[in-house]
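coordinates for the following, if possible.
(one chain, ligands or ions: 1)
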Amino acid sequence: MPLIINDVYPKKLFREDGKRLDGRENNEIRPIKMKVGVISNADGSAYLEWGNNKIYAAVYGPREVHPHHLAKPDKGILRVFYRMATFSVFERKRPAPGRREKEISMIITDCLEPVLFLELYPGTAFEVFIEVMDADGGTRCASTTVAALALADAGVPMRSLVSAVAVGKIDGQLITDLSGIEDKAGEADLPCAITWFNEELSLLQFDGDMDLDELNESLANAKTALNEILQIQLKALKSKYTTILEEQEGGES
Ligand code: CDP
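Numbering: from 1, shown residues only. All right, here's what the predicted structure looks like:
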């Protein structure tokens, strides 16, 4: 049963023992699992479970641009389609893509574009389809992370991976990786994404209230979490190839 019903939030976001409602320490990220190569019809794909979030990403391209007028003669384009399934949230979501989904698609495009060599693919498009099957806070960050992994799985040349996480503040304390309830009932939410090749933030949004020292500390907390997330992405990418190797070696013996 979700913790938020009819927009009534719990009064406290910390338990008696000082832990968060889901039992985490302030700077602990939720459990994350990632797998690549999960959709056979895509050029590249990835699946992610991040806490209660469950998200697929599928990549196609470089391929012809439809509608043609969107094509650019001097470079390729990246198109991202973030969608939330009707059943992915407690209150039924309308099936048609809404303003929020369009905004998040645009944000994810901006996060991923800097790592691609779009100038090498004039007149074509890379398309990334993201389907959120189950949502519980931080889906734009989780989607950016899984989309970067799907691009890498597709063999698209990239300057580096991109990782993302939200940090923020609840009940006066700084925390890492907000759950849905912390996102809604907390005081501040800062989704961030990093492009690893230059270690620059390709996403920094801010919703809420915190002072400058808290902002600096939050960004340091984000950097630590982003490093953890990168390791999980790398492990998921490598495990596809180690599995293939193990299968081949098993077949030869
Ligand atoms: O998911 P993210 O935190 O990036 O975006 P948000 O717009 O701040 O949404 C926070 C959370 O609210 C989502 O992750 C969902 O769990 C929930 N949500 C919802 O219940 N119904 C919607 N129509 C949209 C979001």
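
quick check: residues of the stretch 51-200 of the chain near the ligand?
89, 90, 93, 100, 135, 136, 137, 138, 139, 140, 180, 183 (Cβ under 6 Å from any ligand atom). Every residue, glycine included, has its C-beta placed from N, CA and C.

so among those, which ones count as buried?
When burial is judged by neighbour count using 16 or more other Cβ atoms under 10 Å, the buried members of these are 89, 93, 135, 136, 137, 138, 139, 140, 180, 183.

for the fourth one, give its distance to residue 222.
Distance of residue 136 to residue 222, given as Cβ to Cβ, to the nearest Å: 19 Å.

what does the third one give?
Taking Cβ to Cβ as the measure, residue 135 and residue 222 are separated by 21 Å.

hmm, back to that, got the residues of the stretch 51-200 of the chain next to the ligand as JSON lines, with secondary structure and pLDDT columns?
Compiled in JSON lines, those are given as follows (DSSP: H, G, I helix; E, B strand; the rest coil; pLDDT from 0 to 100):
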{"residue": "89", "secondary structure": "coil", "pLDDT": "94"}
{"residue": "90", "secondary structure": "coil", "pLDDT": "90"}
{"residue": "93", "secondary structure": "coil", "pLDDT": "91"}
{"residue": "100", "secondary structure": "helix", "pLDDT": "97"}
{"residue": "135", "secondary structure": "coil", "pLDDT": "98"}
{"residue": "136", "secondary structure": "coil", "pLDDT": "97"}
{"residue": "137", "secondary structure": "coil", "pLDDT": "97"}
{"residue": "138", "secondary structure": "coil", "pLDDT": "98"}
{"residue": "139", "secondary structure": "helix", "pLDDT": "98"}
{"residue": "140", "secondary structure": "helix", "pLDDT": "98"}
{"residue": "180", "secondary structure": "helix", "pLDDT": "96"}
{"residue": "183", "secondary structure": "helix", "pLDDT": "96"}
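
out of those residues, which is nearest to residue 114?
Distances from residue 114 to those, taken as Cβ to Cβ, are shortest for residue 140 (16.7 Å).

so what's the closest one up against?
With contact set as Cβ atoms under 8 Å, 6 or more residues apart in numbering, residue 140 has these partners: 82, 104, 107, 108, 164, 191, 203.

can you give me the strands in the stretch 151-253 of the chain?
Taking DSSP state E, counting those that start in this stretch as the criterion, the stretch 151-253 of the chain carries its strands at 162-170, 173-176, 188-195, 200-204, 207-208.

how far is the first one from where the chain is centred?
Right, the one you point to is strand 162-170. Using Cα atoms, centre = their mean, to the nearest Å, the mean C-alpha position of strand 162-170 is found 10 Å from that of the whole chain.
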